[in-house]
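Enquirer: What would the 3D arrangement of this be:
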Amino acid sequence: MDKKQIPVEELKLGMYVTELDRPWLDTPFLFQGFPITSDDQIDEVKKHCQTVFVDLERDASGDDAHGPLTGRKVERGTVVYKQVTQVEEELGIAREVYSACEQSVQASLETIRVTGDLDPKPLTNAVEHMSRSIERNPDAMMLLFKIKQKGGEELNRAVDTSIHMITFGRFLQFPAERLELLGTAGLLLDIGKVKTPDEILQKKGVLTAEEYEIIKAHVMESVELIRAAPGLPKGLEEIVLQHHEREDGSGYPRGLRGRQITIDGAIAGLVNSYAAITSRRTYAEQSSPSNALNRLYKLRGKLFHDALVEQFIQCIGIYPVGSTVELNTGEVGIVIAQNLVRRLQPRVLVVLDRSWNPIRPQLILDLIKEPKATQDEPYRIRRTLPRDKLPINLEDFFLDMSG
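Expert: Below you'll find the model as predicted:
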């Protein structure tokens with residue numbers, strides 16, 4: 001590595017930061033080493049550091065310094081979304097929107113199985129309402145998905161992917177119509193799997209070569225359903241077609257690589273993979289959000305667009321909304337809202353005391369305000385916990401929150 005120490009005032013887009021002049025955990029940066037992909041990121045570094053080390057071998061600040069796998073810049077949009085509601089306020093509205101979306105997706109799946117046709121109107125209406133809720137406050141919809149998840153695998157996966165794609169688009173400051181395009185794509189990426197035999201979809205163990213080819217066919221099945229359906233947004237077909245393409249050309253169905261994959265197609269591939277890793281599946285273990293993000297991070301620049309992975313991790317956060325966490329007091333809480341400035345200090349709803357007895361009324365802690373756990377020590381997160389170990393139904397607690 002050829003590294004150089006520079007003042008933060010000299011940072012430019014495309015530079016790769018390898019070291020800071022202070023401990024990493026004292027900053028909101030999630031990983032030890034990251035590319036500079038936005039002016040906002042430079043401003044954030046300036047808030048915390050005076051100097052940094054950059055890797056000259058990975059410097060892409062020139063006009064054409066990127067290789068074939070990292071050449072597509074992530075052009076952020078110009079829409080500034082303001083959080084106009086608190087998560088407690090938005091939760092009641094989001095609950096109705098979420099339920100309507102579930103019903104629309106379930107009805108569409110059943111219609112396809114019976115008639116072979118896709119009715120897009122209920123889906124696009126659901127995505128429009130989801131997008132408006134996420135624009136106001138992205139945490140409410142993300143939280144709802146984490147505490148519900150009562151539908152089947154294909155339903156949960158579709159809604160999860162749609163919510164995350166809209167939320168990521170909002171983070172990237174894309175305009176409203178692009179959020180709806182991404183959200184609709186999220187619902188329909190795997191719609192073609194309704195034609196895949198259940199014994200293959202739910203098989204535990206390694207697929208045969210023939211079975212794998214049948215699985216891969218779901219992409220074109222999805223595209224054919226979309227082509228035949230009127231009134232869907234322009235550009236949707238290409239996103240669905242590309243969501244299994246990979247940066248190194250190892251994906252399918254066309255083996256595209258690098259610059260051949262659109263940014264929206266790359267977003268779909270990244271988010272769909274995150275949703276798959278963190279979902280409940282009959283054929284694989286469910287992974288925690290933090291483990292999923294670590295896996296994606298290790299694959300950046302290989303399977304997934306490197307800058308997009310960095311941005312997605314910034315969007316989701318080190319303690320994603322809905323995470324179950326143990327506090328330094330031994331109490332247990334649920335992350336209900338991110339803090340974009342201090343990722344290690346989200347808002348937490350405390351649901352269990354240190355003996356794991358339910359707490360009512362619940363206590364909400366905004367960790368960035370450093371509320372005191374004891375006279376000398378503020379509350380902080382000690383570790384994450386698997387949600388299925390909790391002796392309570394979380395939905396009951398959030399019903400109280402949303403009125």
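Enquirer: and the strand or helix carrying F312, C-alpha only, in PDB?
Expert: Using DSSP states H and E, F312 falls within helix 306-316. What follows is helix 306-316, C-alpha atoms only, in PDB (Å, rounded to 0.1, in the frame of the first residue of the first chain):
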ATOM      1  CA  ASP A 306     -18.200  -0.900  -4.300                       C
ATOM      2  CA  ALA A 307     -19.400   2.600  -3.800                       C
ATOM      3  CA  LEU A 308     -23.100   1.400  -3.600                       C
ATOM      4  CA  VAL A 309     -22.100  -1.100  -0.900                       C
ATOM      5  CA  GLU A 310     -20.500   1.700   1.100                       C
ATOM      6  CA  GLN A 311     -23.600   3.900   0.600                       C
ATOM      7  CA  PHE A 312     -26.000   1.100   1.500                       C
ATOM      8  CA  ILE A 313     -24.200   0.500   4.800                       C
ATOM      9  CA  GLN A 314     -24.400   4.100   5.600                       C
ATOM     10  CA  CYS A 315     -28.100   4.000   4.900                       C
ATOM     11  CA  ILE A 316     -28.900   0.900   6.900                       C
END
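Enquirer: what helix or strand is I336 on?
Expert: Going by DSSP H and E, I336 is in strand 332-337.
Enquirer: whoops, I mixed them up, I93
Expert: helix 87-115.
Enquirer: State the mean pLDDT of that helix.
Expert: On average, the pLDDT along helix 87-115 is 87.
Enquirer: pLDDT score assigned to the residue nearest to I226 when sequence neighbours are not counted?
Expert: Leaving out its chain neighbours, the residue that sits closest to I226 by Cβ to Cβ, 6 or more residues apart in numbering is E237, at 5.3 Å. For every residue, glycine as well, the C-beta is placed using N, CA and C. We have a pLDDT of 94 for E237.
Enquirer: Check whether E237 really touches R227, as I assumed.
Expert: Yes: assessed by Cβ atoms under 8 Å, E237 is found in contact with R227 at 6.4 Å.
Enquirer: more crowded one of those two?
Expert: Set E237 next to R227 and count neighbours by other Cβ atoms under 10 Å: E237 wins out with 17 against 11.
Enquirer: How much space separates that one from L188?
Expert: 10 Å (Cβ to Cβ, to the nearest Å).
Enquirer: Can you check which residues contact both of those two?
Expert: Counting by Cβ atoms under 8 Å, 6 or more residues apart in numbering, the common neighbours of E237 and L188 are I226.
Enquirer: and the helix holding I93, what does it pack onto?
Expert: Applying 3 or more Cβ pairs under 8 Å, 6 or more residues apart in numbering; DSSP states H and E, we find helix 87-115 packed against helix 121-136, helix 138-147, helix 153-171, helix 394-401.
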